[in-house]
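Visitor: got a sequence here, can you build the structure:
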Amino acid sequence: MEERDIPYVCAIERASFPNPWHETTFLGEIHNSPISFPYVIVHKVEKKIIGYFIFWHVKEEIQISNIAIHPDFRRMGIGEAVLRQVIAQMIKGGAKFVSLEVRPSNFAALNLYKKMGFDIFGIKKDYYHNPKEHALIMGKRLNQ
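Guide: Sure thing, here's the model as predicted:
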């Protein structure tokens, strides 16, 4: 992800979440090197940004901060493919654990994470706003 990508990323963010990140948050992720890894997902044929993926890699842990696919390109396996690719690369880089937070009402994301072997191991009360909702903390040990 580069600064010039932010308008496209913010459009996907607004279409994806009830309480979207502000463009300054994405700028912060771009400039939070070497901890933050923000990527855009570009459609091979249309050559346009159709999604993004942001994670932090600290020592042996990965924290997925944000992932979204444009509504026109959902349910095509893109998010799963990207998540699998990132996890595979991070395993090669020495990561042993990956975690994330997700709304209990985000059934599509929950199903994907469960399919990929993530387990629920905690709750952050009142984590989300607009609407107010707890966050499920999900994680997965990574096999070396």
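Visitor: hey, let's count contacts and neighbours off CA atoms from now on
Guide: OK.
Visitor: what strands flank the strand or helix carrying Ile50, and is each parallel or antiparallel?
Guide: Element membership of Ile50, judged by DSSP states H and E, is strand 49-58. The strands beside strand 49-58 in its sheet (DSSP bridges) come out as strand 36-42 (antiparallel), strand 61-69 (antiparallel).
Visitor: helices or strands up against the lengthiest helix in the chain?
Guide: Looking across the chain with DSSP state H, the single longest helix is helix 78-92. Contacts defined by 3 or more Cα pairs under 8 Å, 6 or more residues apart in numbering; DSSP states H and E place helix 78-92 against strand 61-69.
Visitor: go again with 6 Å.
Guide: Judged by 3 or more Cα pairs under 6 Å, 6 or more residues apart in numbering; DSSP states H and E, helix 78-92 has no packing partners among the helices and strands.
Visitor: C-terminal to that helix, what's the next element?
Guide: With secondary structure assigned by DSSP H and E, helix 78-92 is succeeded by strand 97-102.
Visitor: keeping just the C-alphas, turn the next helix or strand after that next one into CSV.
Guide: Toward the C-terminus, strand 97-102 is succeeded by helix 107-115 as the next helix or strand (DSSP H and E). Only the C-alpha atoms of helix 107-115 are listed here, as CSV (Å, rounded to 0.1, in the frame of the first residue of the first chain):
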residue,chain,number,x,y,z
PHE,A,107,-20.6,-14.3,9.9
ALA,A,108,-18.6,-14.4,6.6
ALA,A,109,-15.4,-13.5,8.3
LEU,A,110,-16.1,-15.9,11.2
ASN,A,111,-16.8,-18.7,8.9
LEU,A,112,-13.6,-18.0,6.9
TYR,A,113,-11.4,-17.9,10.0
LYS,A,114,-13.0,-21.1,11.5
LYS,A,115,-12.4,-22.8,8.1
